[in-house]
Every structure is written in structure tokens, then in C-alpha cells.
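**Q** Following is a predicted model, sequence given first.
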Amino acid sequence: MWDELSKAQRYRGRAEECHRLAKIGYSPDARNHYLRMAEYYSTFAEAEEAKERGSVVIGHTPARQPVAR
């Protein structure tokens, strides 16, 4: 139980860090890269939390959305 929860917390922390890096990215490509990474880490966190609850996780691929220039 604690292992899955701690994994989810770590993934959430990494997602937050990627969001922070996206805000200060020097190029649109860098911002998009960090936003995609944040989406993936959030998805990983959700999967860990669902595993903890005993829920079934259905595959999810985050949409690629460009950052407005």
C-alpha cells in the first residue's frame, strides 16, 4: 500500500516540476516537451493511485498540444 502511494506522490512531484520548467522554457519546443512529460507523470500517478484502490486502469495517451506562442 505505502509503496504505491509513495510512487504516486513522486510522480505528482515530478509532474509539478515539469510544469514549472515549462513555464520558464526558452523555446516552444522545450515548453511542449516539459508539458508532455508532466502529462505522462500525472498519468503514471493516476495509475498508481488506481492500483492502490484496486481499480482497473485503461490505457491513456496524453494528447499532444502545442503551446501558444
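**A** All right, it came through fine.

**Q** wait, H19 sits on E39?
**A** No. Look at H19 against E39 with Cβ atoms under 8 Å: they stay out of range, at 9.7 Å. Just so you know, the C-beta spots here come from the backbone N, C-alpha and C atoms, and that holds for glycine as well.

**Q** who has more neighbours, those two?
**A** E39 (19 against 16; other Cβ atoms under 10 Å).

**Q** Can you check what pLDDT the model gives that one?
**A** Looking at E39, its pLDDT stands at 98.

**Q** swap in R12?
**A** 96.

**Q** Could you do the one 5 residues further on as well?
**A** The model reports E17 with a pLDDT of 98.

**Q** now do S6
**A** Predicted confidence (pLDDT) for S6: 84.

**Q** E49 contacts S6, correct?
**A** No. With contacts counted by Cβ under 8 Å, E49 stays clear of S6, the gap being 11.4 Å.

**Q** So between the two, which is more surrounded?
**A** Regarding E49 and S6, a neighbour count based on other Cβ under 10 Å identifies E49 as having more, with 18 against 11.

**Q** Distance of the nearest residue to that one once chain neighbours are set aside relative to G54?
**A** Closest residue to E49 apart from its sequence neighbours, by Cβ to Cβ, 6 or more residues apart in numbering: A8 at 4.8 Å. Distance check for A8 against G54: by Cβ to Cβ, to the nearest Å, it reads 14 Å.

**Q** neighbour count winner among those two?
**A** More crowded of A8 and G54, by other Cβ under 10 Å: A8, with 19 against 6.

**Q** Just list the residues touching the more buried one, thanks.
**A** Counting by Cβ atoms under 8 Å, 6 or more residues apart in numbering, A8 makes contact with F44, A45, E46, E48, E49, E52.
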